[in-house]
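Novice: Fold the following.
(2 chains)
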Protein chains: 2
Amino acid sequence: MENKPNSHTEKLYRAIQLTRPLLRHISAYVEQELGDSGVTVGQRAVLEVLYTDGAMTAPQLTQKLELKRQFVARMLAEATDAGLVTQQANPEHARAHFHVLTDAGHGAIARIRDHEMQKLLELEALFTVEEIETHYRVQQVMNRWFADRLTTPKP
Amino acid sequence: MENKPNSHTEKLYRAIQLTRPLLRHISAYVEQELGDSGVTVGQRAVLEVLYTDGAMTAPQLTQKLELKRQFVARMLAEATDAGLVTQQANPEHARAHFHVLTDAGHGAIARIRDHEMQKLLELEALFTVEEIETHYRVQQVMNRWFADRLTTPKP
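Specialist: Model prediction:
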C-alpha cells in the first residue's frame, strides 16, 4: 500500500487483493490462539460444524466445509483418536454413520469459541454497526458474484 | 448461510469466515479469465508487479508478493522462458539482477488487466461509493489487526 488508490475501482481492486494476505493472517492467528488446546486448525473447523449444526455424515461435513474429502476424513480420524468425536449409527444409511462431538469435544470447541469470541469483540470495537453491516454485505455479494461466474465450479 | 446472523458480532464473524471461499472463487475466476492467454495465475501475479512497479530483483518481488521464494523463482523462470520477462544488470549488486517485462510481456499483462478492469466495473456497479470505501477500510483494518497480533509473523 505505498500509494493511495485514487479511484473507487482501484479501492475495490485493492480490497479484493487484500483477501489473500487477510486469509493468511486470519489462519495464522486462529492457529496461534488454539495454543496448547491440542486442537489443530483443521480439527477446529470440523468440531465447530458439529458444535453448531449437530451430528453429520462425512459427506455432509465435506460439503458444509467446502474442503477436500480426504482432508475432512483425516481431520475426523484425528479428532476421533483424540476422543473429541465419536460415531453414531445412521438409521437411514447403515454405511454413512454420523459423527458427533463427545463431551470432551464439546468442551474443547466451546472453550475455543469462547476465547475467539472475546478476541472478536476487541476487533468489533474498531468498527461501527454500519461498517460491519456493509462489510458483510459486500463480502457476500462479491463471493456470490465470483462463484456465479465460474463456468466450471471449483470444489 | 442457512440462517440469518442475529448480531453484529456474528456478522463480523461470518464476514471473516467468508474470506476462505471468497479467495477460492476469486482465484478460480482470475484463472478462468486468463483463458488462452498462455499466462498462469502465478505468472500473472509476477507480470502485474513488474508492470505496476517496474524492474525488480527476485527478493524484491518475493517481498512484494508475499509468496514463497521458490514459487516466485519458478514463475520468473516460466515467464522468462515464455519471452514475457527478461533480465537486466543491476549496477548495485552484480548477482541480484533486475527482472523486467519484455514488449511481449508488457502487451500480455496490459491486455489481461484491461479485460479484468472491464469485469471489475461490472462488479463495482453493484455497490455504492460508500460501500466500496467502507469495505476497503474494514478489510485494511482487519488485515492489520490480525497481522499485528501474530507473535511469530508468518511469511
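Novice: can you pull the buried residues of the longest helix along chain A?
Specialist: The longest helix of chain A (DSSP state H) is helix A:103-124. For helix A:103-124, a neighbour-count test (16 or more other C-beta atoms under 10 Å in any protein chain shown) marks A:105, A:108-109, A:112-113, A:116, A:120, A:123-124 as buried. Quick note: C-beta positions are derived from backbone N, CA and C, even for glycine.
Novice: before we move on, what about stretch A:32-48?
Specialist: In stretch A:32-48, the ones that count as buried by 16+ other C-beta under 10 Å are A:34, A:39, A:42-48.
Novice: if we can go back for a sec, what does the helix or strand following the longest helix of chain A contact?
Specialist: Once helix A:103-124 ends, the next helix or strand along the chain (criterion: DSSP states H and E) is helix A:129-148. Defining contact as C-beta atoms under 8 Å, 6 or more residues apart in numbering or on different chains, one finds that helix A:129-148 is touched by A:15-16, A:124, A:127, A:153, B:1, B:5, B:8, B:11-12, B:14-15, B:18-19, B:21-22, B:25-26, B:28-29, B:123, B:126-127, B:130-132, B:134-135, B:137-139.
Novice: could you say what helices and strands the longest helix of chain A packs with?
Specialist: Using 3 or more C-beta pairs under 8 Å, 6 or more residues apart in numbering or on different chains; DSSP states H and E, the elements in contact with helix A:103-124 are helix A:19-34, helix A:41-53, helix B:8-17.
Novice: any residue of whichever helix or strand comes after the second one up close to chain B?
Specialist: The first helix or strand that comes after helix A:41-53 along the chain, using DSSP H and E, is helix A:58-65. No. In terms of C-beta under 8 Å from any C-beta of the partner chain, no part of helix A:58-65 sits within range of chain B; the closest distance is 9.5 Å.
Novice: now the angle between helix A:41-53 and helix A:58-65, please.
Specialist: 100 degrees (axes from the mean of the first three to the mean of the last three C-alpha atoms, to 10 degrees).
Novice: pLDDT (mean, whole number) over the helix or strand following helix A:58-65?
Specialist: Proceeding N to C from helix A:58-65, the next assigned helix or strand is helix A:69-81, under DSSP H and E. Across helix A:69-81, the average pLDDT comes to 96.
Novice: Can you list the low-confidence ranges for chain A?
Specialist: A:1-6, A:153-155 (pLDDT under 70).
Novice: Quick test: name the residue nearest the centre of it.
Specialist: Closest residue to the average C-alpha location of chain A: residue A:45 at 5.5 Å, with C-alpha atoms, centre = their mean.
Novice: I'd say that one and residue A:75 touch.
Specialist: Yes. Checked against C-beta atoms under 8 Å, the pair residue A:45 and residue A:75 is within contact range at 7.1 Å.
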